[in-house]
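*Asks:* predicted model and sequence below, questions to follow.
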Amino acid sequence: MKYFKEIIIEKCIKLLAMSTISILILIIFFIFRQGVPFLVKYGLPNFILGQKWLPQENIFGILPMIIGSLWVTIGALIIGVPIGVACAIYLVEFSGKHTKLFFKPAIELLAGIPSVVYGFIGIMVLAPFIRSTFGGSGLSILTASIVLGIMILPTIVSISIDALSAVPLSYKEGSIAMGATSWQTIVMVLLPAARSGILAGVILGMGRAIGETMAVIMVTGNSLKIPSSTLDSTRTMTSNIALEMGYALGDHRAALFATAVILFIFILLLNIITMTVIKSKKTR
Amino acid sequence: MKFGKTASIFFIFITLLYFLTGIGAKSQKIVRLAGSTAFLPFAEKLAEHYMKTHKDITVDVQGGGSAVGIMVASEGIVDIGMADMLSLPKETDSLEKVVVARDGIAIIVNTGNPLKNLTLKDLTQVFSGKVKEWKEIGVNLSGQIRVISREEGSGTRKSFDQLILQSARLTTDAMFQDSNGTIREAVKSDPNSIGYISIGFLDSSVKAISVDGIVANNENVILETYKISRPIYFLFKQNPTPETKNFIQFILGKEAQKIIAGDGLIPVVKI
């Protein structure tokens, strides 16, 4: 009797686990079923290399948005990674116990702020500041990069802290014993030892940056031109989908799903890279 | 173990409550509306008003945009589709249509911009990107003109393209915002920008400019001297249900039209 009960509970939990996976499979199936026929019809090279997006005239080229997504994501990394890693080094190496107890949860709280709030601060505070300091309209790649850079901080900081704390104390002790300064120890011993962990955090942050939609719609201006400077307005793949999905019918709708397919492939590649990095960490 | 028991009782209770409330709402007759985001706030207000006097009917209002309104109305998913467009597409040929209100579109600039009036021709040139600097159209303001438009598929955008751009294309430098409110916010903070919003959304934070010397306000739209306006359509299948018919009659009635006029749209019936 007891044995029988065990089996039932086991099966139930198995079923619940399977349902999570099946949702993922359903989403992939749905996006691809809607998007791939359009990609075949329109031609993949035409779609990803086309420079014009004019749905009313049946011209669908997402090159400006691919470039936009890349600019914004790289910008976010340039701003977020140095700050994030520096913050992690400070918390692991220099800060007192109490500071760390306060700082770590506070930084993780950043992850809980809704993205629309980040966008709002971006549009009300950051955009006017950037317009008056650097020129341009203020709704630009730079603004989006700063906003996203802050948004990916929690990911980078908490994973980097874990990676840095996992470095054996003997490494540090050895380095100090050899006469290295704190700075030399950090740059030459700690960072290289925690390299793969920090890299995994950076790549996860990158995934968050490339997938962010709401805040990006609010602060980039959503222009359809290929940007030529960081003060130009741009549109990312995610904002394109979110902006137009409500209205789109027929081929236009299919083209938005096709945009999602391309985005999905981008994110899949990122995840594969993350997995490889984490694996290489274990084998070292 | 004790915690687990409490938690599971709580969970079952919430689940039951969830389903019970779902069942409770279904016993009434429903009129469903969907479509135009420009008319959405008005439709919600009118529906609320209507339900006060018709307790047995639920009016369910959703947005989605004009294109969605047309699609769901022709597929019969909703009873009434809302669309704010100058000319309706072919898919609506088989549907009954009625104009429930009109809405003017105002061209807006930053309050720091000395511009007061533009000709229709200048507007076309500005929005198509043939004119790139404010100085070229005689405005004493340094720097480039930054055009802000609505996203592809919006009813306001479609009407604007048809009325102002005509055969020209929107400039590739244009930036996009996805609602009247966000365009107003963008123009308010950027001294070099120009955009367009519903007249009902105008306030003192931005400046509406005259077109061909005609001020953008509801009086001039009613007189048809201010040309930039579009009708708001209700689309429904032939032989609608009595509830649907009744709701449309209510919308076209004096009381509802007064509410429409009070909030900045232009009524179609004399009030």
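*Replies:* Nice, I can see it.

*Asks:* interface residues of the stretch 51-200 of chain B facing chain A?
*Replies:* Contact residues (CB under 8 Å from any CB of the partner chain) of the stretch 51-200 of chain B with chain A: B:63-68, B:71, B:146, B:148, B:151-154, B:169, B:172-178, B:182, B:185-186, B:189-190, B:192-193. Bear in mind the C-beta positions are built from the backbone N, C-alpha and C, glycine included.

*Asks:* and these, which of them are in helices?
*Replies:* When DSSP state H defines the helices, the subset of these inside them is B:66-68, B:71, B:182, B:185-186, B:189.

*Asks:* and the furthest pair within those?
*Replies:* For these, the farthest-apart pair by CB to CB is B:71 and B:189; their separation is 35.3 Å.

*Asks:* from residue A:41, how far out is residue A:215?
*Replies:* 33 Å (CB to CB, to the nearest Å).

*Asks:* interface residues of the stretch 51-200 of chain A facing chain B?
*Replies:* Counting by CB under 8 Å from any CB, the stretch 51-200 of chain A sits next to chain B at A:54-56, A:123, A:127-128, A:131, A:137-139.

*Asks:* only whichever of the residues you listed are buried, select them in ChimeraX.
*Replies:* In ChimeraX syntax, the buried subset of these is picked out as below (16 or more other CB atoms under 10 Å in any protein chain shown):
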select /A:55,123,127,131,137,138,139
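
*Asks:* now, the residues of the stretch 51-200 of chain A next to chain B that are in strands?
*Replies:* Of the positions in those, residue A:54 sit in strands, assigned by DSSP state E.

*Asks:* which pair in the residues of the stretch 51-200 of chain A next to chain B has the greatest spatial separation?
*Replies:* A:56 and A:128 (33.2 Å).

*Asks:* mind listing the strands for the stretch 151-271 of chain B?
*Replies:* Under the criterion DSSP state E, counting those that start in this stretch, the stretch 151-271 of chain B carries strands at the ranges B:175-177, B:193-198, B:207-211, B:229-236, B:266-267.

*Asks:* out of those strands, deepest packed?
*Replies:* Mean neighbour count (mean count of other CB atoms under 10 Å in any protein chain shown) peaks for strand B:175-177 among the strands of the stretch 151-271 of chain B, with a mean of 27.

*Asks:* what mean pLDDT does it have?
*Replies:* Averaging pLDDT along strand B:175-177 gives 91.

*Asks:* run through who's touching it.
*Replies:* Here strand B:175-177 makes contact (CB atoms under 8 Å, 6 or more residues apart in numbering or on different chains) with A:137, A:139, A:221-224, A:233, A:235, A:243, B:146-151, B:183, B:185-186, B:195.

*Asks:* now swap in stretch B:68-77 and tell me
*Replies:* When contacts are defined by CB under 8 Å, 6+ apart, stretch B:68-77 is touched by residues A:246-247, A:249, B:32, B:34-36, B:64, B:78, B:80-83, B:88-89, B:91-92, B:94-95, B:235-237.

*Asks:* CA atoms only for it, dumped as CSV, please.
*Replies:* The C-alpha atoms that make up stretch B:68-77 are tabulated as CSV, following Å, rounded to 0.1, in the frame of the first residue of the first chain:
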residue,chain,number,x,y,z
VAL,B,68,-7.6,44.1,-34.7
GLY,B,69,-11.1,45.6,-34.3
ILE,B,70,-11.8,45.0,-38.0
MET,B,71,-10.5,41.5,-37.9
VAL,B,72,-12.4,40.3,-34.8
ALA,B,73,-15.6,42.0,-36.0
SER,B,74,-15.5,40.3,-39.4
GLU,B,75,-14.7,37.0,-37.8
GLY,B,76,-17.5,37.4,-35.3
ILE,B,77,-15.3,37.1,-32.3
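
*Asks:* residues contacting the nearest residue to residue B:217 once chain neighbours are set aside?
*Replies:* Nearest residue to residue B:217, sequence neighbours excluded (CB to CB, 6 or more residues apart in numbering or on different chains): residue B:199, at 6.6 Å. Contact partners of residue B:199, counting by CB under 8 Å, 6+ apart, are B:103-106, B:208, B:216-218, B:221, B:264.

*Asks:* sorry, back to before: tell me the one of the residues of the stretch 51-200 of chain A next to chain B nearest residue A:74?
*Replies:* residue A:139 (18.4 Å).

*Asks:* and the closest one, what pLDDT?
*Replies:* pLDDT, residue A:139: 90.

*Asks:* repeat for residue A:281
*Replies:* Model confidence at residue A:281 (pLDDT) stands at 61.
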